[in-house]
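Enquirer: need a structure here:
(one chain, ligands or ions: 3)
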Amino acid sequence: MAAGSEQWYSDDIAEVVVSAEQIKEKTAELAKQVAADYADRGEVLLVGVLKGAVMFMADFARALEHPVELEFMAVSSYGARATSSGVVRIMKDLDRDITGKHVIVVEDIVDSGLTLSWLLKYLTSRGPASLEVVALLRKPDAVKVDVPVKYIGFDIPNEFVVGYGLDYAERYRELPYVGLLRPEVYAR
Ligand SMILES: O=P(O)(O)OC[C@H]1O[C@H](OP(=O)(O)OP(=O)(O)O)[C@H](O)[C@@H]1O
Ligand code: HPA
Ligand SMILES: [Mg+2]
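Expert: Ligands and ions are numbered 1, 2, ... in the order given. From the prediction side, this is the model:
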């Protein structure tokens with residue numbers, strides 16, 4: 001029987017796109033790759049993009065066998081809608097200077113790429129020593145702006161997904177997997 005959030009939401013999810021087990025395995029794999037690449041670079045500053053990246057940030061930081069500092073930014077381009085408005089608003093800025101730091105942006109998903117494209121320009125202007133991105137999910141067929149993402153977990157179909165940090169109107173973030181939302185749910 002389904003437990004916890006899965007029980008609440010089971011009628012709203014059409015199918016599981018990436019399972020909790022797959023997320024765990026991939027997170028360990030990405031962490032290993034990043035730790036190897038940054039082995040000679042000292043401390044890394046992870047910048048998590050709230051709110052969507054919160055689950056991935058927590059799991060990725062713990063899987064990474066390398067010292068990190070954690071920072072968060074909150075930007076919003078989706079609001080309560082299922083498509084990007086294209087307008088990125090800063091809801092919460094960095095708390096401190098990132099000049100000379102090795103920065104890795106942690107994102108849950110690259111969809112149109114608009115959020116990340118804007119964010120990378122913004123962070124570059126702050127003078128980090130290096131800047132890369134790790135994203136758990138990417139929708140290759142939805143990309144409107146090409147953004148250089150060095151570390152990618154899964155390429156997924158161009159459909160609206162929820163879970164593991166991803167929401168629809170602030171719901172479903174706590175699901176342990178990434179699932180396809182039934183289109184009827186948008187109509188409610
Ligand atoms: O590539 P894009 O089309 O720009 O979409 C990706 C962004 O959209 C979502 O954030 P959202 O604006 O929904 O805020 P949230 O993380 O608080 O849900 C997601 O978490 C990414 O940050
Ligand atoms: O497919 C998605 N689901 C939830 N939030 C999102 N933000 C961009 N794409 C998505
Ligand atoms: Mg959202």
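
Enquirer: Following element in sequence after the helix or strand hosting residue 17, please.
Expert: Here residue 17, judged by DSSP states H and E, is contained in strand 13-18. Remark: after strand 13-18, the chain's next helix or strand is helix 20-37, criterion DSSP H and E.

Enquirer: neighbours around the residue lying closest to residue 33 once chain neighbours are set aside, how many?
Expert: Leaving aside its sequence neighbours, residue 33 sits nearest to residue 151 (CB to CB, 6 or more residues apart in numbering; 6.5 Å). In this view, the C-beta of every residue, glycine as well, is placed from N, C-alpha and C. Using other CB atoms under 10 Å, residue 151 is surrounded by 18 other residues.

Enquirer: and the residue of the chain found nearest ligand 1, what does it touch?
Expert: Taking CB to the nearest ligand atom, ligand 1 has its nearest neighbour within the chain at residue 52, 2.6 Å off. Contact analysis of residue 52 by CB atoms under 8 Å, 6 or more residues apart in numbering lists 107-109, 165-167, 173.

Enquirer: From residue 142, how far out is it?
Expert: Applying CB to CB, to the nearest Å, the value for residue 52 to residue 142 is 15 Å.

Enquirer: Can you tell me the SS state at residue 5?
Expert: helix (DSSP: H, G, I helix; E, B strand; the rest coil).

Enquirer: Show me the shaky parts of the chain.
Expert: 1-3, 78-86, 188 (pLDDT under 70).

Enquirer: At which residues are the helices of it located?
Expert: Taking DSSP state H to define them, one finds helices in the chain at 4-9, 20-37, 54-63, 114-124, 184-187.

Enquirer: Nearest the middle, which residue of this protein would you pick?
Expert: Geometric centre of the chain, nearest residue: residue 108, 1.4 Å, by CA atoms, centre = their mean.

Enquirer: Touching, that one and residue 139? I think so.
Expert: No: here residue 108 lies out of contact with residue 139, judged by CB atoms under 8 Å, at a distance of 11.8 Å.

Enquirer: quick one: contacts for residue 133?
Expert: Residue 133 sits next to 104-107, 110, 116, 120, 147-151 when contact means CB under 8 Å, 6+ apart.

Enquirer: Let's see that with 6 Å instead.
Expert: Taking CB atoms under 6 Å, 6 or more residues apart in numbering, we find residue 133 in contact with 105, 149.
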